[in-house]
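J.: Give me a 3D structure for the following:
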Amino acid sequence: MCATFSINAGTYTLKHNSQNSKNIILNGTTNYVIPIYQRPYSWTETQLKKFINDIFASFWGYEQDKDAEPMFIGTMQLSELKKDNTQHIIDGQQRITTFLILLKVLKSKYQHIQSIQNISLDWLSTEVNNGEQQENLQELLAQNQIVSSNGNSLNKYIENAKLIGNLIDNQTDSEQFEIERFIKHLFSNVYFVVIETKASLSKTLQIFDAINTTGLDLNAGDIFKIRMYEYLNMSGENKKAFNDISALYEKIDLNNKTFKSEIANIQNILHIYQFFLIAKYNLPNVLYTYGTTTFFDRLFETLFNINQWEHFRNTLKSNNLELKLIEIDKIIDLRYEWEDKWRNNTYSNVENAGLLHLWWWSRYGRFWILNFLILNSLQNESDKYIKLEKFTKQLTKLYLIYSLLYQKSINEINGSFTNQLTKLIVNDSYNSVMQHITNKINQHYDWKKKRLTEIISGDILYSTKVKNILCRLSALLEENTNSTEPTDIRNLKKNLFWNALDIEHIQSYNDENLEERDKIKSEWGENLNSLGNLVVLEQNINRSINNVTSKKFDGYKKSSLTIVNDKLTEQYSDWNLKKCIDRKDYEVNKIIKYLME
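T.: Numbering: from 1, shown residues only. Down below sits the predicted model:
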């Protein structure tokens, strides 16, 4: 890759430039190309109105009674002029395309005006969308009178040409309008700043990002597409490579349309791929903490020798890191395959569905993407979802244990444990992955069990996360956890995680009997806010009870949760401190046994 670059900038007009006759866009020799990695032409009516109104405002004079005034239309960044007289448009394609459409409209409306008829319209072409955009553009340019597209109501060029025609009509209904003077103004009094860069594609983007005050007209996903294209074509240009990259984006869009929701975008997929690359090539662990955009920006800049970033430069020299579209493609397939099973409730069982929600609720929810790395490592195994179920169950237990023990995210788990786990998933056997998790659960086992018992046995109301994890886990374990029936799985998700729930005090914290309130608080102590006296309950039922003891039993019977409508209704009669303590002992033993044994 060429690491050198140069920048040339100048003030240009469309056709006539009194300051520098060479600085014109339509010079009769240069053919401008919108490269394959750009977005389709997409200006909306709002942008067109501003564009046309600004041009006419400068033509009429901004105070309506003065002469035409110069207008600055913006910047256009171009690649170096090639030997075949073509230049790629790096930025400004929306504006210059709209100028082409404007000229087409003027040629159609004013066929008797020679100055506009002499202008050719073959100086701009587009490689976007595998030729589809060029076909749409040609359909417009081939028309003598602008009419609706032949069976293609989505031709943005024709749609915008008709809008521009209407906008021009609104501006030129005055007898004072002189078309030849307007064309002269358009050709000589509308200014661009043209920036020509001689550099690699990635360096060109970096240059533009530095000099563009309005922001790069490309998002992080677009930039990855461009840089991946350059990476795959270090030895020469190959448009098929870009089509292959674009196919991945199209696959994501198609899958999202199938689900009628944005399940994932390219950034989500690349986040998974980031973890895969770090693990596969043993890159520094600190890179797990990098945002996805930063990670790939610095990776590409180091590969292209634009910048030699810390944590990349030394490791990339010592390994054979290779980016492969087939790896990204597989991650996309697995991501949507999993989503299909998850949404149709055909993946795993009631227990696993609940555990995955609890994983998201834990202090380590961001690591749920490890599920897709497991599926990727097991992609050729017929029982991969059975193994995923076991992995999810064991890892969620560990993350819940540490979420409860420390009540915050700790480096020991965020860092060394999960980093090593990721490397094992990508590079080692499934058994080694499971053993790594089990070893961590068993590490300092007696202390963990003792401390966890103390936490769960005490007042749990002080922490929103602790009380929600414990009460929901307790409720989950009372359901038919082994059921694989899609209806049961869906009902579990809906009843325990999707619907609005409260954490209900069985013995009200503020008893309705004001005379007994302080006495109850004193006698019950921390048991009042313990797992023995707390239970999840549908919010609408809880609000209907409204702290009235006589309404509680009937309310509990209406609950969809087994722990309430079955277990608690049996226990609730003559609810007192002893029953609370008995229930607490049962709940504590149940949860400790589940998490630790």
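
J.: show me where pLDDT drops low in the chain?
T.: In the predicted model of the chain, residues 1-5, 62-67, 148-153, 175, 203, 205-219, 235-239 satisfy pLDDT under 70.

J.: Okay, domains of it per the record?
T.: The chain breaks down by automatic domain parsing into domains covering 6-215, 464-596.

J.: how about the strands in the chain?
T.: Secondary structure of the chain by DSSP state E: the strands cover 6-13, 31-34, 71-79, 86-91, 124-126, 190-198, 501-505, 534-538.

J.: Who does the fifth one pair with, and is each partner parallel or antiparallel?
T.: Each strand that pairs with strand 124-126, with its direction, by DSSP bridges: strand 31-34 (parallel).

J.: which parts of the partner strand are buried?
T.: 32, 33, 34 (16 or more other C-beta atoms under 10 Å). For glycine as for every other residue, the C-beta is placed from the backbone atoms N, C-alpha and C.

J.: Pick out whichever of these sits closest to residue 221.
T.: Sorting these by distance to residue 221 puts residue 34 at the head of the list, at 18.2 Å, by C-beta to C-beta.

J.: Could you check how far the closest one is from residue 103?
T.: Noted for residue 34: a distance of 16 Å to residue 103, by C-beta to C-beta, to the nearest Å.

J.: circling back: rebuild the strands of the chain as TSV, extending it with distance to residue 517.
T.: TSV is the format used below for those (distance: least, C-beta to C-beta, whole Å):
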stretch	distance to residue 517
strand 6-13	76
strand 31-34	74
strand 71-79	70
strand 86-91	69
strand 124-126	75
strand 190-198	75
strand 501-505	12
strand 534-538	18
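
J.: quick one: which of those is nearest residue 387?
T.: Judged by C-beta to C-beta, the one of those that comes nearest to residue 387 is strand 534-538, at 30.6 Å.

J.: That closest one versus strand 501-505: what angle between them?
T.: Between the axes of strand 534-538 and strand 501-505, defined by axes from the mean of the first three to the mean of the last three C-alpha atoms, to 10 degrees, the angle is 140 degrees.

J.: what lines up beside strand 534-538 in the sheet?
T.: Within its sheet, and counting by DSSP bridges, strand 534-538 is paired with strand 501-505 (antiparallel).

J.: how far is the partner strand from where the chain is centred?
T.: 33 Å (C-alpha atoms, centre = their mean, to the nearest Å).

J.: Skipping adjacent residues, who's closest to residue 478 in space?
T.: residue 563 (4.2 Å; C-beta to C-beta, 6 or more residues apart in numbering).

J.: got the contact list for the one you found?
T.: Remark: with contacts taken as C-beta atoms under 8 Å, 6 or more residues apart in numbering, residue 563 is in contact with 474, 475, 478, 535, 536.

J.: same thing but at 7 Å, please
T.: When contacts are counted by C-beta atoms under 7 Å, 6 or more residues apart in numbering, residue 563 touches 474, 475, 478, 535.

J.: With neighbour count as new columns, can those residues be given to me in a markdown table?
T.: Supplementary listing: these in a markdown table, determined by neighbours: other C-beta atoms under 10 Å:
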| residue | neighbour count |
| --- | --- |
| 474 | 22 |
| 475 | 23 |
| 478 | 16 |
| 535 | 24 |
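
J.: Could you single out the nearest of these to residue 47?
T.: Minimum separation from residue 47 among the contacts of residue 563 (C-beta to C-beta) is found for residue 475, which lies at 52.7 Å.

J.: and the closest one, how far is that from residue 591?
T.: In this structure, residue 475 lies at 11 Å from residue 591, with C-beta to C-beta as the measure.

J.: cool, residue 319 as well?
T.: When C-beta to C-beta is applied, the distance between residue 319 and residue 591 equals 44 Å.

J.: higher neighbour count, these two?
T.: Each of residue 319 and residue 591 has its neighbours counted (other C-beta atoms under 10 Å); residue 591 has more, 21 against 12.

J.: contacting residues for the more buried one?
T.: Contact criterion C-beta under 7 Å, 6+ apart gives 456, 470, 473, 474 as the residues in contact with residue 591.

J.: give the contact list for the last one.
T.: In other words, residue 474. The neighbours of residue 474, taking C-beta under 7 Å, 6+ apart as the test, are 531, 563, 587, 590, 591.

J.: The third one now?
T.: Residue 473 is in contact with 358, 591, counting by C-beta under 7 Å, 6+ apart.

J.: do that again at 10 Å, thanks
T.: Neighbour list for residue 473: 354-355, 358, 361, 396-397, 400, 404, 496, 536, 587, 590-591, 594-595 [criterion: C-beta atoms under 10 Å, 6 or more residues apart in numbering].

J.: ok, which pair from these is furthest apart?
T.: Of all pairs drawn from the contacts of residue 473, the one with the largest separation by C-beta to C-beta is 397 and 536; the distance is 19.7 Å.

J.: Turn the contacts of residue 591 into JSON lines, columns for distance to residue 245.
T.: Written out in JSON lines, the entries for those read as follows (distance: C-beta to C-beta, whole Å):
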{"residue": "456", "distance to residue 245": "51"}
{"residue": "470", "distance to residue 245": "47"}
{"residue": "473", "distance to residue 245": "43"}
{"residue": "474", "distance to residue 245": "48"}
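
J.: quick one: which of these is nearest to residue 188?
T.: Looking across the contacts of residue 591 and measuring by C-beta to C-beta, the closest to residue 188 is residue 473, at 74.3 Å.

J.: before we move on, back to that, ranking the strands of the chain by burial, who's on top?
T.: Per-residue neighbour counts averaged over each of the strands of the chain give the maximum for strand 534-538, namely a mean of 25 (mean count of other C-beta atoms under 10 Å).

J.: gap between the residue lying closest to residue 189 once chain neighbours are set aside and residue 95?
T.: Distance criterion C-beta to C-beta, 6+ apart; nearest residue to residue 189, sequence neighbours excluded, is residue 70 at 5.3 Å. Using C-beta to C-beta, one obtains 16 Å as the distance from residue 70 to residue 95.

J.: More neighbours: which of these two?
T.: With other C-beta under 10 Å as the criterion, residue 70 and residue 95 differ in neighbour count, and residue 95 comes out ahead with 17 against 11.

J.: May I have stretch 422-434 as PDB, with CA atoms only?
T.: Output of stretch 422-434 as PDB, limited to C-alpha atoms (Å, rounded to 0.1, in the frame of the first residue of the first chain):
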ATOM      1  CA  THR A 422     -13.300 -16.600  24.500                       C
ATOM      2  CA  LYS A 423     -10.000 -17.900  23.400                       C
ATOM      3  CA  LEU A 424     -11.000 -21.500  24.400                       C
ATOM      4  CA  ILE A 425     -14.300 -21.200  22.500                       C
ATOM      5  CA  VAL A 426     -12.500 -20.100  19.300                       C
ATOM      6  CA  ASN A 427      -9.400 -22.300  19.500                       C
ATOM      7  CA  ASP A 428     -10.000 -25.300  21.800                       C
ATOM      8  CA  SER A 429     -12.500 -28.000  22.500                       C
ATOM      9  CA  TYR A 430     -16.000 -27.700  23.800                       C
ATOM     10  CA  ASN A 431     -15.000 -29.800  26.800                       C
ATOM     11  CA  SER A 432     -12.200 -27.400  27.700                       C
ATOM     12  CA  VAL A 433     -14.700 -24.500  27.500                       C
ATOM     13  CA  MET A 434     -17.100 -26.200  29.900                       C
END
